[in-house]
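>>> build the 3D model from these lines:
(one chain, ligands or ions: 2)
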Amino acid sequence: MRVLGIETSCDDTGIAIYDDRLGLMINLLCNQFNVHSKYGGIVPELAARSHMNKTVPLIERALMQSGCDVKSISAIAYTAGPGLIGSLLIGASIGHALSFSWNIPIIPINHMEGHLLSPMLEEKKIEFPFIALLVSGGHTQLIQACKIGSYNLLGESLDDSVGDAFDKTAKLLGLSYPGGPSLSKMAKYGTPGRFKFPRPMIKSLDLNFSFSGLKTYVSNLISKQKKDFQTCADIAYEFESAVIDILVIKCKKALKTTGLKRIVLAGGVSANDSLREKIKQMAIRCKSQVFYVKPELCTDNGAMIAYVGMLRFKERKSSTLNIFVNPNWLLSDLKSIK
Ligand code: KG4
Ligand code: ZN
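Ligands and ions are numbered 1, 2, ... in the order given. Got it, this is the predicted structure:
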């Protein structure tokens with residue numbers, strides 16, 4: 001069984017082929033850094049147009065480079081949400097056109113379920129139930145994953161996502177887009193202790209987060225500082241430390257309140273090496289296991305969509321001609337796999 005995955009939810013066109021015996025056969029990505037960098041953030045209309053130009057050539061390349069015959073593809077999986085409506089519709093329309101002409105089923109996949117299960121692309125033995133920290137450009141959530149498709153929201157950001165806080169702070173520091181990786185690189189040169197930022201909501205009893213106050217605090221501070229290299233590095237260091245402290249404290253609380261001993265880190269921000277290290281140290285202290293995937297599979301990719309498509313296709317082989325997309329598709333609305 002072989003599934004072609006199409007990811008076009010935001011600004012990366014991702015195409016992959018996953019085979020249930022051979023594993024990941026190919027995983028190609030075309031980012032849009034050069035399209036959006038001059039605007040300092042994603043322009044949705046330009047993102048959709050770029051997907052329009054890139055998706056079909058990338059599918060052709062994936063088939064050619066993997067040596068897969070079109071006839072060997074059993075199903076198509078595409079990201080149906082959450083994401084930008086224009087971008088989602090491009091992937092969905094191309095997926096449906098191919099499904100019709102190749103006469104194979106098509107499966108809509110939830111992007112956040114893709115992230116959540118992505119560590120299974122490398123590590124098949126993650127047993128349910130587990131805690132998942134989903135940290136991306138649009139989401140900051142703590143989830144209790146009971147089985148595939150059965151996810152309880154334990155807590156989430158009440159305002160901005162952690163990825164957005166990284167991106168906006170990086171922009172204020174004059175760093176290149178996308179901000180998260182640039183800010184993290186800059187933080188490596190920072191001096192610990194020069195600045196001290198607040199850690200909002202670490203004392204709250206719930207598992208929710210808030211990053212807008214921290215963002216405002218950093219923005220006010222930056223406007224009063226000289227923007228020399230060392231000051232920017234010191235601010236980046238303290239910003240990253242504050243965010244990581246908050247995430248680690250809430251993950252520890254989630255393990256304690258649920259009594260679970262496994263935690264999965266997923267989404268673009270989970271590519272952050274300091275976050276991975278600090279969560280690992282906390283998990284050791286809590287006698288828990290931590291799982292994450294290699295950095296290129298943390299950020300958006302087609303592999304996670306092809307993989308979840310394969311899991312869902314095994315269960316339900318039928319498909320529909322209706323094009324389904326939902327920019328606000330919630331994990332809690334998914335159907336579980338028995
Ligand atoms: O999951 P993702 O690729 O796209 C969404 O679904 O939103 O996440 C993108 C987010 C961006 O905010 C980006 O700045 C952040 O992940 N990111 C990072 C790192 N790599 C990507 N943030 C911090 N450190 C990183 N190394
Ligand atoms: Zn994502």
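>>> please count neighbours and contacts with C-alpha atoms only from this point.
Will do.
>>> burial measure for Gly302, as a count.
Neighbour count of Gly302, defined by other CA atoms under 10 Å: 29.
>>> whoops, I mixed them up, Ser101
8.
>>> sticking with it, tell me its helix or strand.
helix 85-102 (DSSP states H and E).
>>> and the contacts of that helix?
For helix 85-102, contacts defined as CA atoms under 8 Å, 6 or more residues apart in numbering pick out 6-11, 44-45, 47-49, 51-52, 55-56, 70-71, 75-81, 105-106, 321, 323-327.
>>> near ligand 1, which residues of this protein are found?
136-138, 163-164, 166-167, 178-181, 184, 267-269, 271-272, 299-300 (CA under 6 Å from any ligand atom).
>>> show me how to select, in PyMOL, the buried members of these.
Only the buried members of these enter the following PyMOL selection, criterion being 16 or more other CA atoms under 10 Å:
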select buried, resi 136+137+138+163+164+166+167+178+179+180+181+184+267+268+269+271+272+299+300
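>>> ok, and the helix or strand in this structure with the lowest average confidence?
helix 33-36 (a mean of 90; mean pLDDT, DSSP states H and E).
>>> against which helices or strands is the helix or strand following that one packed?
Per DSSP H and E, helix 33-36 leads on to helix 44-66 as the next helix or strand towards the C-terminus. Contact analysis of helix 44-66 by 3 or more CA pairs under 8 Å, 6 or more residues apart in numbering; DSSP states H and E lists strand 12-19, strand 23-31, helix 33-36, helix 85-102 as its packing neighbours.
>>> ok and the longest one relative to strand 12-19, angle-wise?
Computed by axes from the mean of the first three to the mean of the last three CA atoms, to 10 degrees, the angle separating helix 85-102 from strand 12-19 equals 30 degrees.
>>> tell me the angle of helix 85-102 relative to helix 44-66?
Using the same axes, to 10 degrees: helix 85-102 against helix 44-66 is 40 degrees.
>>> tell me how far helix 85-102 lies from the chain's centre.
21 Å (CA atoms, centre = their mean, to the nearest Å).
>>> hmm, who's touching the helix or strand following that helix?
On the C-terminal side of helix 85-102, the nearest following helix or strand under DSSP H and E is strand 106-110. Residues outside strand 106-110 that contact it (CA under 8 Å, 6+ apart) are 75-82, 95-96, 99, 305, 308-309, 312-313, 319-320, 324-325, 329, 331.
>>> give me the buried subset of the residues you listed.
75-82, 95-96, 99, 305, 308-309, 312-313, 324-325, 329, 331.
>>> in strands, which of those appear?
75-81 (DSSP state E).
>>> ok, these vs ligand 1, which is closest?
Gly81 (10.0 Å; CA to the nearest ligand atom).
>>> give me the pLDDT value at that closest one.
pLDDT, Gly81: 98.
>>> who's in contact with the residue in the stretch 1-150 of the chain positioned nearest to ligand 1?
Going by CA to the nearest ligand atom, ligand 1 is nearest to Gly137 of the stretch 1-150 of the chain, at 3.2 Å. Gly137 sits next to 161-164, 268-269 when contact means CA under 8 Å, 6+ apart.
>>> Leu330 now?
Leu330 touches Pro82, counting by CA under 8 Å, 6+ apart.
>>> quick one, phi psi at it?
Phi and psi for Leu330, reported as degrees, to the nearest 10, are phi -90, psi 150.
>>> pLDDT score for it?
On the pLDDT scale, Leu330 gets 97.
>>> do Asn322 as well
For Asn322, pLDDT reads 89.
>>> swap in Glu315?
Glu315 is given a pLDDT of 85.
>>> so what's the nearest residue to Ile42 once chain neighbours are set aside up against?
Leaving aside its chain neighbours, Ile42 sits nearest to His36 (5.5 Å; criterion: CA to CA, 6 or more residues apart in numbering). When contacts are counted by CA under 8 Å, 6+ apart, His36 touches 42-43, 46, 177.
>>> from those residues, keep the buried residues only.
42, 46, 177.
>>> closest to Arg285 out of those residues?
Tyr177 (35.5 Å; CA to CA).
>>> my guess is Ala283 meets Arg276, correct?
No - at 10.4 Å, Ala283 and Arg276 do not qualify as touching, with contact defined as CA atoms under 8 Å.
>>> pLDDT of stretch 285-300, averaged?
98.
>>> what of stretch 151-169?
Mean predicted confidence for stretch 151-169 is 97.
>>> now do stretch 134-141
The average of the pLDDT scores along stretch 134-141 is 97.
>>> for that stretch, measure first residue to last.
5 Å (CA to CA, to the nearest Å).
>>> what's the answer for stretch 25-38, then?
With CA to CA, one end of stretch 25-38 sits 34 Å from the other.
>>> any stretches of this protein with poor pLDDT?
124 (pLDDT under 70).
>>> identify the residues contacting the residue most central in space within it.
Geometric centre of the chain, nearest residue: Gly267, 2.6 Å, by CA atoms, centre = their mean. Contacts for Gly267 were tallied using CA under 8 Å, 6+ apart; they are 112, 115-116, 134-136, 298-300.
>>> so which bits of stretch 189-200 are buried?
189-191, 197, 199-200.
>>> thinking again about what came up before, can you say which of the helices and strands packed on helix 44-66 is packed in most?
Greatest average neighbour count among the helices and strands packed on helix 44-66 goes to strand 12-19 (a mean of 26), per mean count of other CA atoms under 10 Å.
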